[in-house]
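**Q** Fold the stuff below for me.
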Amino acid sequence: MIARRNFIGTATTLAATAALASQTGIAAAYTGPYMATGVKIGEVTSTSAIVWTRLTKSDHRAGADAPIPVVNYRDPKTGATADEGNSRDRIPIVESPNGATVDQLEGAAPGCPGEVRVDWVIEVSGSVKSSEWVAVDPERDYTHQFDIINLKPGTGYLYRVWARAKQGEKETMLAFGSFRTAPASDVPAPVTFTVTTGQEYNDKDAPNGFRMYEGMRKIGPSFFVHTGDILYYDALAKSLPLARWHWQRMYSLPTNVEFHKQVPSYFIKDDHDTWMNDCWPSMQSPYMGEFTFAQGQAVFLEQVPMSDKTYRTFRWGKDLQVWLVEGRDFRSANDLPDGPDKTSWGTEQKEWFKRTVAESDASFRVLISPTPIVGPDRSTKNDNHANDGFKHEGDELRTFLAAQKNMVTICGDRHWQYVSVDPATGLREYSCGPASDAHAGGWPKDEKRPEHKYLNVIGGFLAITVDRENGRPVLTARHYSVDGAQLNE
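**A** Sure, this is the predicted structure:
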C-alpha cells in the first residue's frame, strides 16, 4: 500500500536532505542495517519504476586483504586432482583459506534482516510519497523490490531509501538518487541509452571498480542496458552462497554503486551469470558443484530490479521501442543437430517477439540480444545465431528483422566492438564490446571482413541516441572507450 504524505513538504527539501546526508554520512548512533551493495533503479516505463534494495550487516565490503576460495578439480575416472577444470566431467573441491566463511571473503557484503522504505517526489515540485515499511526477504538474499507506480511520463523524480532493524528502532536514510521516467508513446523526445557486456571482476580497471561507469555518466544516458555476463560464476561459484557472493563483491564496488543509484537500468542474463559457459537448462555437469542451473535463474531475479518475465519490451517516446530477449531459459541443447526444432529463444518468446514488433508504431525498433544475431563469430563457437549450431533459427530471425522498417540489433557476449551488415539480408548489428580493455579479445584485431563496417578489439560501451532533425527522426550509434572517448559513429 502506498501512502501519500507531506511530512517534509517539497522536492527541494528532499534534495536538500539528500545533499546533507552525503556530506555528514550516517549518524554515529546508527548501528545498522546498512546498504553496502547500494540500490538499483530498473524497468522504468512512462508511469512506473522498480527500486531494488538489499540490507547488509556492514556499511562496507570486506577488504582486498580478505581471502578468496581455492578450487581444485578431481577427475572422476582417475581420482587425480588439478587446479584447472578443463572438462565438464571434473568435480570441484572448494577450500577456504584459514577456514574463512563466505561472509569473510574478499568483497563480501553479507546481508542481514531489517526493514526498508522508499520515498519519491517529482524533482521540481510536489508532495513526497512513501511506501510502507517492508521487511527484506532472507530467502532472497535480504533483498526487496519496490514497484513504484502512477508516475508521470517524461518526468524527473528524486528518491531516498530508509532502513531500520525493526519497528521502533532508529530509522536512517541510507541511499538517495534520481531517475527520469520514459516519455509517453505519442511524444517525440530525445533519448540516449548505453549498452555493455562482459563484466569480469578480475578484469577491473580502477581501484574502485570499472572506469566504464564514469565514462557512461559523461554521456548522460536516459537508461543503461547490461546485455549479460554481468559476472562470471564459472571458476568460483560452486554453491548458492558463493554465487550470491559474486553479486556482493561486484555491486559493492564504488563505481557500480554510484552509477546505479542515478541511472535506470535493464538487465539481461547470459551463460556466465546464469550458470556456466555455453549452458542450457537440461545440461548435466558436475563442474559447478552444488550450484544448479535453476538456482542461477532464481539468483538473477533476486539480484536485479525486474519482474519474473525475462523477455520484455519498453517504449521510450514516439520514436523508440526496445526489445530485451531471453537466450538461456528456453534453449535447446547446443550440441543437438541444427534444424527447425532447435531454438535458443523458444516458441512462445518468438511468437511474442514477432507479434509485438508487428504491433509497434515506433519510428525505430531496437532488438537487444545477449548473443549475436548477425556476427561474424568465431568458427569454434556453437552457442548463438551467428554460429552453425543455430543457423536455422538465425536465418529465420535475420529474415524477419531485415524485413522490418528501421529495425536494428544490438548484441553483447562478444569481447570486441563491431558494426556489421548481414550479406544475405542487409540486417545491421552493433556489438557493444566488454566492460574493460583487459576483457577484450577473442577476435584478431586486423581481421576486418567485408561485412564489418567497424571493428575494434577494445573495451567500452555503445551509446544509441534517438532524436529529431528538422522534424525527422534519426538514430545515431556511437562506440566509446572505457573512458568515454568516442571511437566510431
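
**Q** Report the separation between the nearest residue to Gly346 once chain neighbours are set aside and Glu348.
**A** Spatial nearest neighbour of Gly346, chain neighbours left out: Phe330 (2.7 Å); criterion: C-beta to C-beta, 6 or more residues apart in numbering. Yep, even glycine has a C-beta here, placed from its N, CA and C like the rest. Phe330 sits at a distance of 7 Å from Glu348 (criterion: C-beta to C-beta, to the nearest Å).

**Q** same thing with Gly339?
**A** Distance, Gly339 to Glu348, by C-beta to C-beta: 19 Å.

**Q** cool, and Gly63?
**A** From Gly63 over to Glu348 (counting by C-beta to C-beta), the distance is 46 Å.

**Q** Can you give the contact residues for stretch 349-359?
**A** When contacts are defined by C-beta atoms under 8 Å, 6 or more residues apart in numbering, stretch 349-359 is touched by residues 311, 313, 323, 325-326, 330, 343, 345, 365, 367, 397, 400, 404, 407.

**Q** all strands in the stretch 51-200 of the chain, in order from the N-terminus.
**A** Per DSSP state E, counting those that start in this stretch, the stretch 51-200 of the chain carries strands over the ranges 70-74, 81-82, 91-95, 115-122, 129-131, 134-135, 143-148, 156-164, 172-180, 191-196.

**Q** tilt between the third one and strand 70-74?
**A** Counting by axes from the mean of the first three to the mean of the last three C-alpha atoms, to 10 degrees, strand 91-95 lies at 150 degrees to strand 70-74.

**Q** Would you mark the buried spots in strand 91-95?
**A** Ile91, Pro92 (16 or more other C-beta atoms under 10 Å).

**Q** if we can go back for a sec, quick one, what contacts the residue nearest to Gly346?
**A** Listed by C-beta under 8 Å, 6+ apart, the contact set of Phe330 reads Pro281, Thr343, Ser344, Trp345, Gly346, Glu348, Gln349.

**Q** hmm, back to that, narrow the contacts of stretch 349-359 to those in strands?
**A** Thr313, Trp323, Arg365, Leu367, Met407 (DSSP state E).

**Q** quick one: which of those residues is nearest Lys204?
**A** Closest approach to Lys204 among these (C-beta to C-beta): Leu367, at 29.8 Å.

**Q** my read: that closest one touches Ile373, true?
**A** Yes - with contact defined as C-beta atoms under 8 Å, Leu367 and Ile373 form a contacting pair (7.3 Å).

**Q** Mind listing the shared neighbours of those two?
**A** Joint contacts of Leu367 and Ile373 (C-beta under 8 Å, 6+ apart) are Leu401, Thr409.

**Q** can you put the contacts of Phe330 in JSON lines and add distance to Val419?
**A** Listed next are these as JSON lines, based on distance: C-beta to C-beta, whole Å:
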{"residue": "Pro281", "distance to Val419": "32"}
{"residue": "Thr343", "distance to Val419": "27"}
{"residue": "Ser344", "distance to Val419": "23"}
{"residue": "Trp345", "distance to Val419": "23"}
{"residue": "Gly346", "distance to Val419": "28"}
{"residue": "Glu348", "distance to Val419": "31"}
{"residue": "Gln349", "distance to Val419": "26"}
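
**Q** From these, keep the buried residues only.
**A** If you count burial by 16+ other C-beta under 10 Å, the buried members of the contacts of Phe330 come out as Thr343, Ser344, Trp345, Gly346, Gln349.

**Q** pretty sure the first one contacts Asp329?
**A** No - with contact defined as C-beta under 8 Å, Thr343 does not reach Asp329; the gap is 11.3 Å.

**Q** any idea which helix or strand carries Met212?
**A** Counting by DSSP states H and E, the element that carries Met212 is helix 211-219.

**Q** Pull the residues that contact that helix.
**A** Residues outside helix 211-219 that contact it (C-beta under 8 Å, 6+ apart) are 192, 194, 196, 205, 224, 255-256, 258-259, 263, 435-436, 459-461, 463, 480-485.

**Q** So what's the model's average confidence on stretch 146-158?
**A** Mean per-residue pLDDT for stretch 146-158: 98.

**Q** Which positions within it qualify as buried?
**A** Phe146, Ile148, Leu151, Pro153, Thr155, Tyr157, Leu158.

**Q** returning to that earlier point: could you turn the buried ones of the contacts of helix 211-219 into a PyMOL selection?
**A** Buried members of the contacts of helix 211-219, defined by 16+ other C-beta under 10 Å, are picked up in PyMOL with:
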select buried, resi 192+194+196+205+224+255+256+258+259+263+435+436+459+460+461+463+480+481+482+484
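
**Q** Where does pLDDT dip in this protein?
**A** Along the chain, the model assigns pLDDT under 70 to residues 1-28, 85-86.

**Q** make it 50
**A** Scanning the chain for pLDDT under 50 picks out the ranges 1-11, 16-24.

**Q** all helices for it, in order.
**A** Assigned by DSSP state H, the chain shows helices spanning 11-24, 211-219, 240-251, 254-260, 293-303, 347-359, 391-402.

**Q** What residues sit buried inside the second one?
**A** So that's helix 211-219. Judged by neighbour count (16+ other C-beta under 10 Å), helix 211-219 contains these buried residues: Arg211, Met212, Tyr213, Glu214, Gly215, Met216, Arg217, Ile219.

**Q** ok now that helix, how far from the chain's centre?
**A** 15 Å (C-alpha atoms, centre = their mean, to the nearest Å).
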